[in-house]
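Novice: Got a sequence here, can you model it:
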Amino acid sequence: MPDWFMSVPAFIVAIGLLVAVHEYGHFWVARRMGVKVLRYSIGFGPKLWGRISPRTGIEYWLSAIPLGGYVKMLDEREGEVAEVDKPYAFNRQHPAKRIAIVAAGPGVNFLFAVAAYWLVFMIGVAGIKPMIGAVPDGTLAASAGLRAGDEITEVAGKTMGDWQDLRLTLLERGLDGDPVQLSVQSRDGRLRTVGLDLTHVPADPEKLFDRLGLAPYQPPATPLIAGVLDDTAASRAGLEKGDEITAFNGDPLDTPQALVDRVKAQPGAKVMLSVTRNDRNIEVPVTLASIKDDNGTDVGRLGAQIGVDAAAWDAMRTTRQLGPLAAVPAAVAKTWDVSSLTVRLMGRMLTGDVSWRNVSGPIQIANYAGQTASIGLEAFVGFLALVSVSLAVLNLLPIPVLDGGHLLYYSIEWIRGRPLSEAVQVAGQQAGMVALLMLMTLAFYNDIARLFG
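Specialist: Numbers count the residues shown, from 1 in each chain. Alright, predicted model coming up:
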């Protein structure tokens, strides 16, 4: 379960900020285009707070439902407009101006992402080296000759700074489905080039890395109990925070993942854990719980947070920090890469190549917001950049109730020289509302399914 004391405030801050940025794009360009703005609202529904500018007469609101916002402009389709104000009505503007106003919202979200990534690169991006762990037999990585401890320094000529770079690049290359060349440094320092065939890999991110057989390298280290959850197999067995798990049914454990893998493989089983506690070695019998994973498969559960001595990971850590000028092209490139990958994954969802379970709603976003906020400023700002890109891409979809739908309507009007009929526009709005409702329902369903496991 997520820590809601951190997640809810972080979610409100994140969504409030990104919505404010998005709506300010519409607001700023509308005023520059000579359109009269009546209200700028963060949130929907009843007003919680508001003020009226004595200079411009614009209403500024904070509304009750914090899942969006809007800019209300003078428009003859929404009510009577005085003759003197008609030149300033939105519906009276040339389609090019209306397109500029609508496109400004997603556009500013992209600019915000660039600024956020620029700040992240200035602060310094913490991560782990793109070094791979044990390679399972029968995987593409094994066929390519990759081995545990290999560090992938380049993919198709692109430098890999950390494991996140490697993951995003391979996801993108996996969508292409072409073989790629990897530059690899072995643990003994030797450099070599390896070909990785991505021709038939699944496009779904959930399945890609399993097929590749790639996972982050874990340095040898005894798994530790970092915390014990209430009313679980671990608490009933008497495991305590700080316990070192040295063996599982007599088999030595040398990494936290080894313990996790053994637990998951034996749902409901009675097992014996060898534990070192306060310099004493004890044997602890545990009856593992059995739960369903995302695929409906029974897996074992211990009910403890597994950690490791931080010193064991020092050699794996890496930080990428850039100066103000160098961070600009890096931020632009990062925003482009994330935007491109988001669009391509959405397209593959429509074709069925990527599971719709990847769609996340407000519950999951709140969970991520809390997690990144608890890690630190760099992680939270990076999260804001990612969500800002997602918000921009989502709003550009050609669904009539979204910015992309309006852009489609105004572009058609510009080409035809006249707007679409009112009946066609109403039908489009209704279809868009249905599509958006279905998407929101799917997102909430996925969130709830993840929440209850």
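
Novice: Please verify my assumption that residue 377 contacts residue 125.
Specialist: No: if you go by C-beta atoms under 8 Å, residue 377 and residue 125 don't touch, sitting 11.8 Å apart. In this view, the C-beta of every residue, glycine as well, is placed from N, C-alpha and C.

Novice: The two - which one has more neighbours?
Specialist: residue 125 (22 against 12; other C-beta atoms under 10 Å).

Novice: That one: what's it in contact with?
Specialist: The contact partners of residue 125, taken as C-beta atoms under 8 Å, 6 or more residues apart in numbering, are 161-162, 319-321, 378, 382.

Novice: show me what contacts residue 225?
Specialist: 234, 239-245, 304-307.

Novice: Beta-bridge partners for it, please?
Specialist: On the basis of DSSP bridges, residue 225 is bridged to residue 306.

Novice: same check, this time on residue 37
Specialist: residue 73.

Novice: Make 16 the starting number, not 1.
Specialist: That works, and once the first residue is 16, the last one we named lands at residue 52.

Novice: pretty sure it is touching residue 90, no?
Specialist: No: counting by C-beta under 8 Å, residue 52 does not reach residue 90; the two are 10.9 Å apart.

Novice: Between those two, which is the more surrounded one?
Specialist: Neighbour totals were compared for residue 52 and residue 90, and residue 52 leads with 20 against 15 (other C-beta under 10 Å).

Novice: residue closest to the middle of the protein?
Specialist: residue 401 (5.9 Å; C-alpha atoms, centre = their mean).

Novice: Disregarding flanking residues, what is the spatial nearest neighbour of it?
Specialist: residue 353 (6.3 Å; C-beta to C-beta, 6 or more residues apart in numbering).

Novice: Show the pLDDT at that neighbour.
Specialist: In this model, residue 353 is scored at 91, pLDDT.

Novice: And for residue 344?
Specialist: In this prediction residue 344 is given a pLDDT of 95.

Novice: distance of it from residue 144?
Specialist: If you measure residue 344 against residue 144 using C-beta to C-beta, to the nearest Å, the figure is 23 Å.

Novice: pretty sure the residue nearest to the centre of the chain contacts residue 356?
Specialist: No: taking C-beta under 8 Å as the definition, residue 401 is not a contact partner of residue 356, at 10.5 Å.

Novice: follow-up on the earlier one: next one: the helix or strand the residue nearest to residue 401 falls within to chain centre, how far?
Specialist: If you go by DSSP states H and E, residue 353 is part of helix 342-366. How far helix 342-366 lies from its chain's middle: 12 Å, per C-alpha atoms, centre = their mean, to the nearest Å.

Novice: same thing with stretch 404-417?
Specialist: On C-alpha atoms, centre = their mean, the centre of stretch 404-417 falls 16 Å from that of its chain.

Novice: Buried residues of that stretch, list them for me.
Specialist: Neighbour-count burial for stretch 404-417 flags 404-412, 414-417 (criterion: 16 or more other C-beta atoms under 10 Å).

Novice: and what of stretch 132-147?
Specialist: 132-138, 140-147.

Novice: Using the three-state scheme, assign residue 168.
Specialist: Of the three states, residue 168 takes strand according to DSSP: H, G, I helix; E, B strand; the rest coil.

Novice: what's the nearest residue to it if we skip its chain neighbours?
Specialist: Residue 168 sits nearest to residue 198 (C-beta to C-beta, 6+ apart), 4.8 Å away.

Novice: what's the neighbour count on the one you found?
Specialist: Close neighbours of residue 198, defined as other C-beta under 10 Å, add up to 18.

Novice: moving C-terminal of the helix or strand harbouring it, what's the next helix or strand?
Specialist: Residue 198 is part of strand 195-200 when elements are defined by DSSP H and E. Counting by DSSP H and E, the next helix or strand C-terminal to strand 195-200 is strand 206-211.
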